[in-house]
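>>> Generate coordinates for the sequence data below:
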Amino acid sequence: MTMNIVVLGAQWGDEGKGKIVDLMTPYFAIVARYQGGHNAGHTVYVAGRKFVLHLIPSGILHDGVTCIIGNGVVVDPPALFAEIEELAGLGIEVGERLLISEKAHLILPYHRELDILSEARRGERKIGTTSRGIGPAYEDKIGRRGIRMCDLADTKALADEVRANVDARNQIIRDSTLDWHVVYRDLLAYGGRMRRWTADASLFLANAIKSGKRVLFEGAQATMLDIDHGTYPYVTSSNASIGGVCTGLGVAPRAIDGVLGVAKAYTTRVGEGPLPTELFGELAERLRESGQEYGASTGRPRRCGWYDAVVVRYAARINGLDALALTKLDVLDGLDELRICTGYRIGGRVVTEFPAALSEDSCEAIYDTLPGWKEPTRGARSFDELPIEARSYVKRLEEVSGVPCAIVSTGSDRDETIIRKDSVAATWLSTPASV
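Numbers count the residues shown, from 1 in each chain. This is a model prediction of the structure:
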């Protein structure tokens with residue numbers, strides 16, 4: 001049965017999408033990434049071994065699976081090569097299993113310089129970007145001066161475009177000594193190395209779907225970091241929500257058969273911007289250390305807070321979520337009580353829908369309080385194995401979020417996962433890709 005599923009973040013990123021995609025991959029022939037850049041960090045643990053993926057889809061750890069980097073992704077060639085070499089060192093050969101859209105835009109050295117300059121100019125209003133050139137590359141894409149994978153084949157036009165871009169950037173970055181000849185030379189070398197993987201990703205996916213192959217669409221970042229629907233301006237530079245699948249891969253909306261949102265059993269955020277349920281002090285540090293809440297790409301400590309059902313309800317509406325994969329339930333083991341945000345108090349009134357503009361100074365989270373549990377949940381393989389308080393907590397999250405929890409992660413390893421019987425996820429994962 002053809003069943004193409006989207007896996008995307010329902011909070012502010014770092015929800016554990018890498019683990020969930022890796023878990024689901026054996027039931028799909030293709031895993032396709034549709035947006036973002038190497039600012040993403042998808043961490044997967046297999047038998048105690050740690051793999052961190054930035055550009056390459058999380059399905060790469062499974063033999064025989066084709067992994068696609070879509071036109072909605074911005075590609076930094078040196079970062080891509082470094083990731084391929086790192087995987088090879090861990091025994092994972094990319095080989096011919098990688099396909100990069102010929103329409104994907106490239107991140108160039110001046111994009112990184114512009115990113116650093118932009119953050120510096122913002123001062124106290126900084127966004128908290130990874131300074132890897134992601135935003136400026138998307139700016140050039142929208143400004144119609146970007147360089148795509150397919151542009152590397154036309155050497156004359158490429159030289160003219162690179163010279164114009166570098167000259168313009170050198171005027172903006174006064175102390176830059178970037179030589180366009182060097183950028184052009186490097187691009188030609190990159191093009192030669194990447195030619196084997198470059199193809200029409202949209203056509204490839206259309207033919208694959210037509211032939212009955214199942215596709216898993218993988219998002220980076222998350223709904224609350226979406227350029228249109230997130231906590232603007234503290235967002236990423238692409239559409240991390242459901243619409244990015246169609247524009248970032250060139251597939252029709254009707255190709256999507258299901259949507260799985262990934263959410264932590266609490267909330268985290270990296271960088272600046274509002275986080276209504278943010279915790280401070282000993283409890284925040286306890287969650288951070290227990291959950292190892294440090295950025296996979298940057299190592300930056302993540303801000304931690306209670307589960308925010310307003311956020312997840314919003315993500316469910318924006319993306320049409322069929323179900324949730326709830327991760328890091330085990331991090332809450334041992335807490336005396338847990339809190340769930342069900343609304344905000346803003347300007348003296350109660351708000352239960354996420355507002356377009358949100359100021360932490362004028363927003364007070366409204367909480368339900370539930371008892372915690374002392375028994376460990378880590379490694380539980382069925383919902384009935386969980387302590388009764390943990391089951392009650394999950395059920396309450398379902399009620400206030402408006403989405404069933406089809407998958408519950410009880411540890412970092414691939415095998416430490418509950419797929420709930422009679423859930424939509426059990427249906428999605430009932431037929432291996434080879435059948």
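
>>> contacts, neighbours, all on C-alpha from now
OK.

>>> What segments of the stretch 201-350 of the chain are strands?
215-218, 258-264, 267-269, 303-305, 307-308, 323-327, 337-346, 349-351 (DSSP state E, counting those that start in this stretch).

>>> Need these in JSON lines (columns: mean pLDDT).
Formatted as JSON lines, the strands of the stretch 201-350 of the chain follow (pLDDT from 0 to 100):
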{"stretch": "strand 215-218", "mean pLDDT": "98"}
{"stretch": "strand 258-264", "mean pLDDT": "98"}
{"stretch": "strand 267-269", "mean pLDDT": "97"}
{"stretch": "strand 303-305", "mean pLDDT": "97"}
{"stretch": "strand 307-308", "mean pLDDT": "98"}
{"stretch": "strand 323-327", "mean pLDDT": "98"}
{"stretch": "strand 337-346", "mean pLDDT": "97"}
{"stretch": "strand 349-351", "mean pLDDT": "94"}
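
>>> Of all these, which one comes closest to Val162?
Closest of the strands of the stretch 201-350 of the chain to Val162 is strand 215-218, at 31.4 Å (criterion: C-alpha to C-alpha).

>>> Check the offset of that closest one from the chain's centre.
With C-alpha atoms, centre = their mean, to the nearest Å as the basis, strand 215-218 stands 12 Å off its chain's centre.

>>> which helices and strands sit right next to the host helix or strand of Val6?
With elements taken from DSSP states H and E, the one containing Val6 is strand 5-9. On a contact count with 3 or more C-alpha pairs under 8 Å, 6 or more residues apart in numbering; DSSP states H and E, strand 5-9 meets helix 17-24, strand 215-218, strand 258-264.

>>> hmm, try it at 7 Å
strand 215-218, strand 258-264 (3 or more C-alpha pairs under 7 Å, 6 or more residues apart in numbering; DSSP states H and E).

>>> So which other helices or strands are in contact with the helix or strand of the chain with the lowest mean pLDDT?
Least confident helix or strand of the chain, by mean pLDDT, DSSP states H and E, is helix 109-122 with a mean of 78. Applying 3+ C-alpha pairs under 7 Å, 6+ apart, we find helix 109-122 packed against helix 134-142.

>>> got the angle for the helix it packs on vs helix 109-122?
Taking axes from the mean of the first three to the mean of the last three C-alpha atoms, to 10 degrees, one finds helix 134-142 and helix 109-122 inclined to each other by 110 degrees.

>>> for the chain, which helix is longest?
helix 155-172 (DSSP state H).

>>> Check which element follows that one along the chain.
Counting by DSSP H and E, the element after helix 155-172 in chain order, helix or strand, is helix 180-194.

>>> Distance check, the residue of the chain most remote from its centre against Gly295.
Centroid-distance maximum for the chain: Lys156 at 36.3 Å, with C-alpha atoms, centre = their mean. As judged by C-alpha to C-alpha, to the nearest Å, Lys156 and Gly295 stand 41 Å apart.

>>> Equivalent analysis for Gly41, please.
Distance of Gly41 to Gly295, given as C-alpha to C-alpha: 7 Å.

>>> between the two, which one's more packed in?
Gly41 (23 against 18; other C-alpha atoms under 10 Å).

>>> wait, doesn't the more buried one sit right on Ile56?
No - Gly41 is beyond contact range of Ile56, at 10.1 Å (criterion: C-alpha atoms under 7 Å).

>>> what residues are shared contacts of the two?
Residues touching both Gly41 and Ile56 (C-alpha atoms under 7 Å, 6 or more residues apart in numbering): there are none.

>>> helix/strand/coil for the nearest residue to Arg420 once chain neighbours are set aside?
Spatial nearest neighbour of Arg420, excluding adjacent residues (C-alpha to C-alpha, 6 or more residues apart in numbering): Ala406 at 5.4 Å. With DSSP: H, G, I helix; E, B strand; the rest coil as the basis, Ala406 sits in strand.

>>> Ala406 is in contact with Ala325, isn't it?
Yes - the criterion here is C-alpha under 7 Å, and Ala406 meets it with Ala325 at 6.0 Å.

>>> These two: which is more packed in?
Between Ala406 and Ala325, Ala325 has the larger neighbour count (other C-alpha under 10 Å), namely 28 against 21.

>>> May I have the beta-bridge partners of that one?
Taking DSSP bridges as the rule, Ala325 bridges to Val262, Ile407.

>>> Identify the residues contacting it.
Taking C-alpha under 7 Å, 6+ apart, we find Ala325 in contact with Leu260, Gly261, Val262, Ala263, Cys405, Ala406, Ile407, Val408.

>>> same check, this time on Val44
Residues in contact with Val44 (C-alpha under 7 Å, 6+ apart) are Gly18, Lys19, Lys50, Phe51, Val52.

>>> what's near enough to touch the closest residue to Cys405 other than its chain neighbours?
Distances taken as C-alpha to C-alpha, 6+ apart place Leu324 nearest to Cys405, at 4.6 Å, with adjacent residues excluded. Going by C-alpha under 7 Å, 6+ apart, Leu324 touches Leu260, Gly261, Val262, Ala263, Val403, Pro404, Cys405, Ala406, Ile407.

>>> Show me how far stretch 364-375 is from its chain's centre.
Per C-alpha atoms, centre = their mean, the centroid offset for stretch 364-375 relative to its chain is 27 Å.
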